[in-house]
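Novice: After the sequence you'll find the predicted model.
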Amino acid sequence: MKNHTDKNVYELSQERLRIIFNEFDNICVSFSGGKDSGVLLNLCIDYIRRHRLNVRLNVFHMDYEIQYKMTIDYIDRILKEHSDILNVYRICVPFRVSTCTSMYQTFWRPWEDSKQDLWVRQMPGNCMTKVDFDFYTPAMWDYDFQKHFAEWLHKKHDAVRTCFLVGIRTQESFSRWRAVYLGRKYQTYHTYRWTSKIGLDIYNAYPIFDWKTTDIWTANGKFQWDYNHLYDLYYMAGVNLERQRVASPFIGEAQESLSLYRAIDPDTWGRMLGRVNGVNFTAIYGGTHVMGWQTVKIPEGYSWREFMYFLLSTLPESIRNKYLRKLSVSIRFWRTRGGCLSDDTIQKLVEAQIPIKIMSESNYKTTKKPVCMEYQDDINIPEFRELPTYKRMCICILKNDHVCKYMGFSLTKEEKEIQNQIMKQYKKITHE
């Protein structure tokens, strides 16, 4: 693919790698075993060998215990083949990992000590466990671990500058597009927009951010690079090219394809059933209206508000209260501050005769207008997901979306405070 510079994405990635290997003395590739991180790792290995660089490349792999055997085989294969130039950090740590398969669990732990007899497989050789990291705590989520690991590796190598290479592409999602294109004038390395500062002298870099899915497979074919052959089975199973992903099988995005484990890797599937609550139910009903996908319908005689409270009544008290707190925050937000909506959406609300109050000012940098309104049972317009309805809340519950991402929520103030306390404690420990 060509762009406005008349260079294709491969040539641009080579320029970025040249900058990275010239400017950073400590370089690490985040490698999941998926197509994007696999191509990124192959690009770096190829660059080192072609330019005869006297460096060893760090590889950071978070092993989530439950994964397709083909993915594990691919990871083992490529790390062994290039062991002469790689420092491998294969992480087998029982951090918290979110799950959307269960109404009763908001997270699960890979490699949990107390459930060793239920592990889907044995720990790989030469892996690193929780005893290798003084910053690990049982309250830590997987994404928290990644942040702490970056600082740990920087100090371990006594580095001047550390760069973590991450194989994200803006084509994949809006959140990945934001990671590259949002204005971060003072949060990049020099003026390179494809980098972001994550710590003191520590940066992330996204060398293939502008690649398309077709570019990934063109590179694998052109350069005869090894890749995860799970994708061949995805293709034969009819999975759309853009939806072929290697990720934790229990996150919301993986619900629709969880059932493929039964056909592709039945041995792993059999062990998964007793490992995480709700796996079989999600495999059967993930991607259907039962779990909030496709056209969601309410039982006859119910309103969406009544159905929401019925769903909440079936949940454990702690989970039910979390949803109710989210709902309370959302109701208060729409009554007092208002959500920012486009003129087109506002006009549709007016035509639907829904009472709204258009505010004059907003704290957000947007051309959209803040609109205050009461929660509605349902609003039948295409922008339904942007608006406060009890139907939207029902979808969150059906999806086991404990954080309510579907409604636009991120971590709560309480959850952020807990995270901040952990960070403060970590900084205190490392300072001492």
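Specialist: Cool, the structure landed. From a predicted model like this one, the values you see are computed outputs, not experimental measurements.

Novice: For N87, grab the count of nearby residues.
Specialist: 13 (other CB atoms under 10 Å). C-beta coordinates here come from the backbone N, C-alpha and C atoms, glycine included.

Novice: Kindly report the same for F384.
Specialist: Neighbours of F384 (other CB under 10 Å): 14.

Novice: E65 too?
Specialist: 22.

Novice: in which helix or strand would I find it?
Specialist: Using DSSP states H and E, no element contains E65; it sits outside every helix and strand.

Novice: give the contact list for it.
Specialist: Applying CB atoms under 8 Å, 6 or more residues apart in numbering, we find E65 in contact with 92, 110-111, 119-121.

Novice: which of these lies closest to K357?
Specialist: Closest to K357 out of the contacts of E65 is P110 (48.0 Å), distances taken as CB to CB.

Novice: isn't that closest one right next to Q116, touching?
Specialist: No. Using CB atoms under 8 Å, P110 makes no contact with Q116, being 11.5 Å away.

Novice: out of those two, which sits in the more crowded spot?
Specialist: P110 (24 against 10).

Novice: For Q67, see how far away the more buried one is.
Specialist: Going from P110 to Q67 by CB to CB, to the nearest Å gives 9 Å.

Novice: ok, now R18?
Specialist: Using CB to CB, R18 is found at 33 Å from Q67.

Novice: Would you mind telling me which of these two has more residues around it?
Specialist: Between R18 and Q67, counted using other CB under 10 Å, the more crowded position is Q67 (23 against 12).

Novice: from memory L17 sits against I48, does it?
Specialist: No. Between L17 and I48 there is no contact under CB under 8 Å: 9.2 Å.

Novice: which is the next helix or strand following the helix-or-strand element of the chain with minimal mean pLDDT?
Specialist: Across the helices and strands of the chain, mean confidence by mean pLDDT, DSSP states H and E is lowest for helix 279-285: a mean of 39. Using DSSP H and E, the next helix or strand after helix 279-285 towards the C-terminus is helix 304-313.

Novice: Can you show me the strands along the stretch 51-200 of the chain?
Specialist: 57-62, 86-91, 97-98, 107-108, 162-165, 195-199 (DSSP state E, counting those that start in this stretch).

Novice: which of these is buried the deepest?
Specialist: strand 162-165 (a mean of 26; mean count of other CB atoms under 10 Å).

Novice: Within its sheet, name the partner strands of it and how each one runs.
Specialist: strand 26-30 (parallel), strand 202-205 (parallel) (DSSP bridges).

Novice: How far off centre is that strand?
Specialist: Computed by CA atoms, centre = their mean, to the nearest Å, the chain-centroid distance of strand 162-165 equals 19 Å.

Novice: what does stretch 194-203 give?
Specialist: Relative to its chain's centre, stretch 194-203 lies at 19 Å (CA atoms, centre = their mean).

Novice: Break this structure down into its structural domains.
Specialist: 9-214, 228-290, 304-416 (automatic domain parsing).

Novice: related to what we said a few turns ago, I'd like a version of the strands paired with strand 162-165 in JSON lines, one that adds mean neighbour count, mean pLDDT and distance to S360 as further columns.
Specialist: As requested, those are arranged in JSON lines below (neighbours: other CB atoms under 10 Å; pLDDT from 0 to 100; distance: least, CB to CB, whole Å):
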{"stretch": "strand 26-30", "mean neighbour count": "22", "mean pLDDT": "98", "distance to S360": "45"}
{"stretch": "strand 202-205", "mean neighbour count": "22", "mean pLDDT": "95", "distance to S360": "39"}
